[in-house]
Structure formats: structure tokens, C-alpha cells
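> Model the structure of this input:
(chains A and B)
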Amino acid sequence: MSEQAAVDKLKAKFGDAVLDVIEFRAETTVVVKKEQIVSICSFLKGELGYNFLTDLCAVDYLGQAPRFMVVYQLYNIGTHTRLRIKTPVDEADACIDTVSGVWATANWLERECWDLMGIVFNNHPDPRRILLPEDWEGHPLRKDYPLQGPDREPYQGRLE
Amino acid sequence: MANNYETMTINMGPQHPSTHGVLQLVLELDGEIVRKATPHIGFLHRGVEKLAEHRTYHQVLPLTDRLDYLAPMHNNLGYVLAVEKLLGLSDEIPERAQVVRVMLAELTRLKSHLVWLACHALDIGAMTVFIYAFREREHIMNIYEKVSGARMTSNYFRVGGLSADLPAGLEQEIRTFVNDMPKHIATYEGLLTGNKIWQKRIQGVGVISGEDAIDLGVTGPSLRGSGVDWDLRRDQPYSGYENYDFEVVVEQGCDTWARYVARLKEMHESCKIIHQALDKLKPGPVLADAPKVVLPPKQDVVNSIEGLIHQFKIITEGFKPEVGEVYVGVENPKGEVGFYLVSDGSARPYRMKIRPASFINLQALPKMCEGSMIADVVAVIGTLDIVLGEIDR
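The predicted structure follows:
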């Protein structure tokens, strides 16, 4: 099934939940509402054959509303097509339902996303940090987290 | 089941010779049976994705060497392909650069698989193979050094092509090496395949079905050892892989043995691809004709003021891809490594997300070793072929 057919089916089934479809460099991105993310993902896996979750991450668009985008990279092993699902997440309510029940891969990827970007995944089976220590404060991949860490002066370049 | 056993919790790693770096496993043991395995990672986290947001596209490239440091050229390849796609430059890479990329990527696959074989066998107690495999790996390191100047962190590919052409005489050296390689692989097989201890230690160990492997996101030889016929080189070809004749090795065993056989066969296929690449190699340019992206030839930089300005502009300002986002995945020796790049139209990636093959493959470890003996954990770590540099990033 081509990406276009998948997008059409998605639109037919979920209608309002599909916010936007973007084509760039022959890659298809579908922006969907976060409330229905689990049912959309189950549909994509069960009906449309996107049985492989390649990657999951979040992007911080600081200064825009909604601030975060959670991004799911899907792959269909049968037809060898990719599809990207994005879903906006607001800063005030930075949480989204877990898809680890749809693809087990999402377990660690969502933990990483919580760890580094601070997105809460509701009903996650193991919501711990993964790369950073348990007592770490803050989420380093957020744009308002300084590169050098929060307690240090920013690097000024080499001073003679 | 009634809980009528007492478990003992022990730490394996992060300083343990068979965890291949700084992996910590917390094992709950019932006698010698592993009831629960919990991996703890992050000891090598360097914040590569955060660093990338503060560097120009060219400056990110050396960071990618340090992910899977046993296969640096593959990481370079994945990254430059993603940037080229973002720029819309994918169709303009010269033929010679493409062929050299494939050739070196396959040499890297051999190199990575040699380390896997050596360490996997060493962990299980077959010491001799280690010495032989590292001898051949040394040859590849020498080729690396001649190509890029570095033995491990190659940083050789560039956005638009290669940093330099191959040095004279190297093609013959690679040809000789690849001619000899099947003989060496036969030696490893002679040492291991018929060995009763080796067979008993890995047959039926670390079993994972194809379905579970897909569900857990396992890729690469670990997935193909579970009977799933999927290889990005064939199914989503990049760098001209569609022009090469090779077989995707699929084994049905689902156990450590199947993955061992699959990787050994894959090494033979790599040799085949390298031979074809050497036959295809014709003289020609190694950088795309894209002056806004590609650095000028060194000759121009030292001899003309225009060349110097050109170089200076690209180094200091970088180039600015249009707003958009791309994902490119390549078939690393360990599995699919992907780069998701988001551009906001500036000279630095707005966001770079690496899809690390080892990180996601490691997630399957508890499933593969729970319920088996503690000694099998070592076999499972070996067969997953993890690299902590890539897991922790």
C-alpha cells in the first residue's frame, strides 16, 4: 500500500483527528490529534500494515504553541514504505498516552523521550529515566536547557 | 506459579569484561536461573543530539563517528545521506563517490562483524578465534588509516561526496584483502562451527521469534536470524546498492546459532559486494558540483583568494537547508541506524534524532535471557552485538 492510500484510509476513519498532511522530499508526514494517538497507531499497525515502529522522539518548538511535537517513524515491512506521524503536545499539559501496548519498541523510546524532553507518557509500564541518573533535574534536550548545563556560565570561547 | 523460591539480585557490570563496555545488568537469580534482567544504561551518555543542535551540519559529522565506533563509516554514511536528502542533493552524488561509499561501508561491515565474532567467542571461552579475527581487523584498520588518516574515527564521507579520493594503490590492497577473506572466514568456521562446546553454548540459547523481534524493534542480523527477510540495502536501497548483486541472508533458527551463521554468511556477501564495487570503480570526481555546500579543492584554497573566501564562508557560516524534515535509515552491521533531521532554515540542525540500532536491540535482552542460565546472558549480550557508544549516545 502506498503512503497516499494509507493517508486516505486514515482520513476516512479518523476524519477530524487528522490535522495536516505534509509532503517533503517524498516523505509523508501526518499530523494527528494526541487524544486519539493510541487508536490511530493501533489502526495503522492492525489495518494498514505499519507493523514496525522505527523510532519515536519529540521536538521542542520553544516559543510556538503547542510547544512539542511527538514524532513516530513507522515502517511497513510488507510494502517497505515509511510513514511519519506527528502529534502536537502542549507545554501546560505535556503528556500523551503510551503506545507501548501497540509496539513493544516504544517502551524504551518513550522512557528516553521522558528523560531528555520531559514528555509524560500516560499508562507507561515503566516510567523511569533511562539515560540520565534518577536524581537528574531537568530535561536536557529542551531548547531552554543550556548546552553547558544549568549551573554553569555559558562558554565564552577561548580567552587569551 | 507459587513463589516458592528465593531470588538473589546481583549486578553484572558496568565493569564486567563481557558486557562490551559500560552496560549494567541487574539480574534476579533463582540459583543459576535468571528470573529477571534489567539493563541499566547511560554511563556513556555524551549528549550527541544536544551537541548537534549547536554545530553546523559539517561539524556534526565527527560526532557520528563516536556512536557506533566499531562501524564509524556507516554512521557517517547515514548522516550524510540524511543531510543530502534534506538539501535535495541525493541525485547529484558522483558515481565514484557512491561506489567508494559502498565499498568502505562493506569493509566496515566486515570489521564490525570481526569484532563481534572475536568478542562473542572470547566471552564464551573460545579464545583462539579472537587472535585470528583481530589480525584481519588490523588489515581493515590499516586500510582505514590510508583512506582517512584515522584507524577508528574515520570522518571520511562528506555531504556531497568524500573528503578526498582514495590514495593510489589502495584498490589493489583492498582486492588482495578481499580475495583472502573467504579463506579466513573458513578458518573461523573451522575453529567454531564443528566445536561441540561452541554448539552446546549457543544452540537453542537466546531464542526470540520473528514476531517478537519485530514487536521489539530488533533489526539487522539479529532480526534476520529470526527468519524475517528484511534488509534496507535491498528494500530501500541507498548509495546505489540496487546495482549490486548480493543475497540477503535469512536464517530460521531464531537462536544464537542462527545469528552466528547469518553473520558469517553476511561476511561472504560483503566480500562479494566489495569485489563488484572494485570492478565498478572508475576515475572521476568524488564531490558533487554544489559550491554552496561542498568545500572547494585544497589546491584552490591555497592558491587563490576566491578559493580561500569560499572555504572560509562554508566553514564559518555553513549552509542552510530549507525548512523541513527527513528521516534516512541505513543498514548498519548491527541493524538499522537512522537519522531524523529537522531544519528550521538555519545553518544548524534544529533537532537531530539518532535511531540507534544497539539501543533498540538491547531492549530485547530481557526477553531473550529470562528463564535461562546465567551463563547464557553472556552469550545473549554477545549475539546482540551491542556497542555502548551507540546505546548511550
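> Which single residue of chain A ends up nearest chain B?
A:T105 (3.2 Å; Cβ to the nearest Cβ). C-beta: built from backbone N, CA, C; applies to glycine.
> can you pull the contacts of the spatially closest residue to that residue that is not a sequence neighbour?
Spatial nearest neighbour of A:T105, excluding adjacent residues (Cβ to Cβ, 6 or more residues apart in numbering or on different chains): B:G217 at 3.2 Å. Contact analysis of B:G217 by Cβ atoms under 8 Å, 6 or more residues apart in numbering or on different chains lists A:F52, A:L53, A:T54, A:W103, A:A104, A:T105, B:I360, B:N361, B:Q363.
> Would you mind listing what in the stretch 101-250 of chain B touches chain A?
Selection of the stretch 101-250 of chain B residues close to chain A by Cβ under 8 Å from any Cβ of the partner chain yields B:D212, B:I214, B:D215, B:L216, B:G217, B:V228, B:W230, B:D235, B:Q236.
> filter those to the buried ones?
By neighbour count, with 16 or more other Cβ atoms under 10 Å in any protein chain shown, these hold B:D212, B:I214, B:D215, B:L216, B:G217, B:V228, B:W230, B:D235, B:Q236 as buried.
> quick one: low-confidence ranges for chain A?
Under the criterion pLDDT under 70, the flagged ranges of chain A are A:1, A:154, A:158-160.
> Let me know how buried B:M8 is, in neighbour terms.
B:M8: 11 surrounding residues under other Cβ atoms under 10 Å in any protein chain shown.
> Just grab the bridge partners of it for me.
In this entry, B:M8 is beta-bridged to B:L29, by DSSP bridges.
> and the longest helix belonging to chain B, how far from the chain's centre?
Longest among the helix segments of chain B by residue count, using DSSP state H, is helix B:95-124. In terms of Cα atoms, centre = their mean, to the nearest Å, the centre of helix B:95-124 is found 8 Å from the chain centre.
> mind checking the SS state of B:W230?
The local conformation at B:W230, judged by DSSP: H, G, I helix; E, B strand; the rest coil, is coil.
> With A:G157 instead?
Recorded secondary structure, A:G157: coil (three-state DSSP).
> number of nearby residues for it?
5.
> Excluding sequence neighbours, find me the nearest residue to B:M181.
B:M181 sits nearest to B:C271 (Cβ to Cβ, 6+ apart), 5.1 Å away.
> gap between the one you found and B:A186?
Here the criterion is Cβ to Cβ, to the nearest Å. By it, B:C271 lies 12 Å from B:A186.
> So for these two, which sits in the more crowded spot?
Neighbours were counted for B:C271 and for B:A186 using other Cβ under 10 Å; B:C271 has more, 22 against 13.
> give the contact list for that one.
B:C271 touches B:E106, B:L110, B:V178, B:M181, B:P182, counting by Cβ under 8 Å, 6+ apart.
> try 10 Å
B:E106, B:L107, B:R109, B:L110, B:F177, B:V178, B:N179, B:D180, B:M181, B:P182, B:I185, B:F246 (Cβ atoms under 10 Å, 6 or more residues apart in numbering or on different chains).
> Show me the buried ones among the residues of the stretch 101-250 of chain B next to chain A that map onto strands.
Per DSSP state E, strands hold no members of these.
> And the helices in the stretch 51-200 of chain B?
Listed in chain order, the helices found in the stretch 51-200 of chain B under DSSP state H, counting those that start in this stretch are B:57-65, B:72-87, B:95-124, B:127-148, B:170-192, B:196-202.
> nearest to A:Q36, of these?
A:Q36 lies closest, by Cβ to Cβ, to one member of the helices of the stretch 51-200 of chain B: helix B:72-87, at 29.8 Å.
> Is that closest one positioned near chain A?
Yes - using Cβ under 10 Å from any Cβ of the partner chain, helix B:72-87 comes into contact with chain A via B:K85, B:L86, B:L87.
> Go through those residues and say which is closest to B:I143.
B:K85 (28.1 Å).
> Run a quick neighbour tally on that closest one.
By other Cβ under 10 Å, the residues close to B:K85 number 22.
> for A:P127, same thing?
15.
> do the same with B:W257
22.
> That one and chain A: what is the separation?
24 Å (Cβ to the nearest Cβ, to the nearest Å).
> now that residue: how far from B:H120?
Distance, B:W257 to B:H120, by Cβ to Cβ: 12 Å.
> what's the spacing between A:Q64 and B:D344?
Separation of A:Q64 from B:D344 (Cβ to Cβ) stands at 11 Å.
> show me the contacts for the closest residue to B:V293 other than its chain neighbours.
Among residues not flanking B:V293 along the chain, B:F319 sits closest, at 4.8 Å (Cβ to Cβ, 6+ apart). Listed by Cβ under 10 Å, 6+ apart, the contact partners of B:F319 are B:56-58, B:83, B:87, B:159-160, B:290, B:292-294, B:313, B:347.
> Three-state assignment for B:V342, please.
strand.
> I figured B:V205 hits B:A375, correct?
Yes - counting by Cβ atoms under 10 Å, B:V205 touches B:A375, with 9.2 Å between them.
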